[in-house]
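**Student:** need a structure here:
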Amino acid sequence: MKKFIYSALIILISLKSFSQNVAINTSGTSADVSAMLDVSSTTKGILVPRVTSVQRTAISSPANGLLVFDISTNSFWFFSTTWKELIGGATGDDKWIKNADSIYTSSLSSRVGIGTTTPAAKLEVKGGDALIDGITVGTGGSNYPINTAVGFEALKKNTGINNTAVGHGALSDNTSGNNNTAMGLWALTYNTTGTDNTSVGRDALYGNTTGENNTAMGYFSLWNNTTGSSNTAIGQESLQDNTIGYSNVAVGVHALDGNTQGHNMVAIGDSALSHQYISPDDVYQNTAIGSKTLFANTTGSSNTGTGFHALYHTKIGFSNTALGTYSLNTNQNGNRNTAVGDSALFNVTTSNNTAVGYQALKSITTGSNNTAIGYNAYPISGTLNNYTGIGYNVGTINSVSNSVEIGNSSVTWIGGQVGWSQYSDGRIKKNITEDVPGLSFINKLRPVTYNIDLDKEEMTLHGTDKPTKDFVERRDIEKKKFTGFVAQEVAKASTETGYEFSGVTVPKSNDQLYSITYSEFVVPLVKAVQELSKQNDEMKKQIEELKLLLKK
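**Tutor:** Numbering: from 1, shown residues only. Coordinates of the predicted model:
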């Protein structure tokens, strides 16, 4: 008893001596100047009041900062306006829980978790913050181990597997769809059972429900697609209106954005096949590569356009092929045209034309069944039918329907291994008449030699509509001396003898050139030889008769 009284006196003296800073220890160390009470020990701790939950809540007017240990919850509690739990095993909206390697709050309304086990997730952030609607990584629906969702309501209804959704509402309606990837606000939002779809961009594949194997990259790409499958859309609003169309490829802003049901189409380029919006089942297999290629197409099918503005105005035409900038640009309803080259068949509106080369057949508008091969290979007229031109700058004012032209005004030789043949079968001839003149026609002809005035020829043939670019050996034709006839003189001889001679072509106007087909002269020459032969025979007969008379 004496020992206890002595110790108590020592403590009271110490407390009085250090009334502003109190130290409780066994070493005699002074209290830290910043602490009112400094308790230190290496073998013992501080034991705060231990109360039940009923006793804790019954404390009258608790001060902020009051600390107790609640033996009912087996956790520390402190008061700050209300009682708050520091750590323990019970549940509570404001409590942090440590569970093995997991730390999380149990509140469902405002949860921050790292490695949580309830609910099942690896990293989850939720809250009402306007900037973060919600982030869930490693979860999404009931099959959380193999789905990934980042964003408010991403994969909200999911029961499928192998899905990845990043963005507000991404894949939110997905139920049993598998192997889908959605990245962007509302990407693949209405997908339910569709599988193997990939969407990147706001509202990409937004309306897809059961469509499969679709790829959409870009704002509103494949936006209206519902059941269409195997489509690829890359670019803002590409294939935007597609609903049930399948196996389409659209690459470029607005590419195929009007298509709804068409299938097996390829559009690559800004607004390529942009207006194909009426798509019955027989509208398919269009291919457009280039900015605004097949831009106006609505119901045309089996068209192929490659090049800037190729087949630009084609609406309902089918089976057209255009390769080159502005090729078949004006065509709307024409069918089965083929154009290869910049501006080839640029103005055509009809069918069955073939043009290969820069500006080939560019002047043809309403003509059909024409063929031109070569740079600038086009006749001046736009209404020819069944015209064929082969060679650089072939085609002139003289060009007419049902004709073939080879080469331009600088050509100095045309030939081959054998001679040119033409059909001459008697079975295909009618109105056969022996009315070909011989000597009367041939004797009126004037054989001459001459040189070509190239500039005058080209100005007459082409005018200013089709200038010829200079090139090496272009004027060699002027150096060559030709043998022949003057066509005007041949035409005059034909008229004077009343002979409709097919070897001379008289132009329809003065700004066109006369032409001669020299092989046609064989016939009147043969007739002339026959006439001379007959005259010779008659002369021989007369001579023999004269000899007999002289003998008598």
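
**Student:** wait, what's in contact with residue 188?
**Tutor:** Neighbouring residues of residue 188 by CB atoms under 8 Å, 6 or more residues apart in numbering: 165, 170-171, 174, 180, 182, 194, 197, 199, 204-206, 208. Just so you know, the C-beta spots here come from the backbone N, C-alpha and C atoms, and that holds for glycine as well.

**Student:** roughly how far apart are the closest residue to it other than its chain neighbours and residue 222?
**Tutor:** Distance criterion CB to CB, 6 or more residues apart in numbering; nearest residue to residue 188, sequence neighbours excluded, is residue 182 at 3.9 Å. Using CB to CB, to the nearest Å, residue 182 is found at 12 Å from residue 222.

**Student:** Could you chop the chain up by domain?
**Tutor:** If you go by automatic domain parsing, the domain ranges for the chain are 2-87, 433-529.

**Student:** Export these as a markdown table, with columns for distance to residue 551.
**Tutor:** Shown next, in a markdown table, are those (distance: least, CB to CB, whole Å):
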| stretch | distance to residue 551 |
| --- | --- |
| domain 2-87 | 161 |
| domain 433-529 | 33 |
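
**Student:** Please identify the most buried of the ones you listed.
**Tutor:** domain 433-529 (a mean of 14; mean count of other CB atoms under 10 Å).

**Student:** roughly how far out does it sit from the chain middle?
**Tutor:** 54 Å (CA atoms, centre = their mean, to the nearest Å).

**Student:** The nearest residue to residue 273 once chain neighbours are set aside pairs with what?
**Tutor:** Nearest-residue entry for residue 273: residue 267, 3.9 Å, with adjacent residues in sequence omitted and distances by CB to CB, 6+ apart. Judged by DSSP bridges, the bridge partners of residue 267 are residue 250, residue 288.

**Student:** OK, contacts around residue 267?
**Tutor:** Neighbours of residue 267 in contact, by CB under 8 Å, 6+ apart: 238, 248-252, 255-256, 273-274, 286-289, 293-294.

**Student:** at 6 Å what do you get?
**Tutor:** Residue 267 makes contact with 250, 255, 256, 273, 288, according to CB atoms under 6 Å, 6 or more residues apart in numbering.

**Student:** Same question for residue 206.
**Tutor:** Counted by CB under 6 Å, 6+ apart, residue 206 has contacts 186, 189, 223.

**Student:** Residue 400 in helix, strand or coil?
**Tutor:** Secondary structure, DSSP: H, G, I helix; E, B strand; the rest coil: residue 400 is coil.

**Student:** For it, grab phi and psi.
**Tutor:** Recorded main-chain torsions at residue 400 are phi -130, psi 170, according to degrees, to the nearest 10.

**Student:** Please identify which of the domains of the chain is closest to residue 320.
**Tutor:** domain 433-529 (25.1 Å; CB to CB).

**Student:** got JSON lines for the domains of the chain, with mean pLDDT and distance to residue 306 too?
**Tutor:** Formatted as JSON lines, those follow (pLDDT from 0 to 100; distance: least, CB to CB, whole Å):
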{"stretch": "domain 2-87", "mean pLDDT": "79", "distance to residue 306": "71"}
{"stretch": "domain 433-529", "mean pLDDT": "93", "distance to residue 306": "26"}
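
**Student:** out of those, which comes closest to residue 389?
**Tutor:** Closest of these to residue 389 is domain 433-529, at 11.9 Å (criterion: CB to CB).

**Student:** and the gap between the residue lying closest to residue 393 once chain neighbours are set aside and residue 270?
**Tutor:** Distances taken as CB to CB, 6+ apart put residue 408 closest to residue 393, at 4.3 Å, once the chain neighbours are dropped. The gap separating residue 408 from residue 270 is 38 Å, by CB to CB.

**Student:** which of the two has more neighbours?
**Tutor:** Between residue 408 and residue 270, counted using other CB atoms under 10 Å, residue 408 has the larger neighbour count: 22 against 18.

**Student:** Now do the contacts for that one.
**Tutor:** Residue 408 sits next to 391, 392, 393, 394 when contact means CB under 6 Å, 6+ apart.

**Student:** and the third one, what does it touch?
**Tutor:** Put plainly, it is residue 393. Residues counted as contacts of residue 393 (CB under 6 Å, 6+ apart) are 376, 408, 468.
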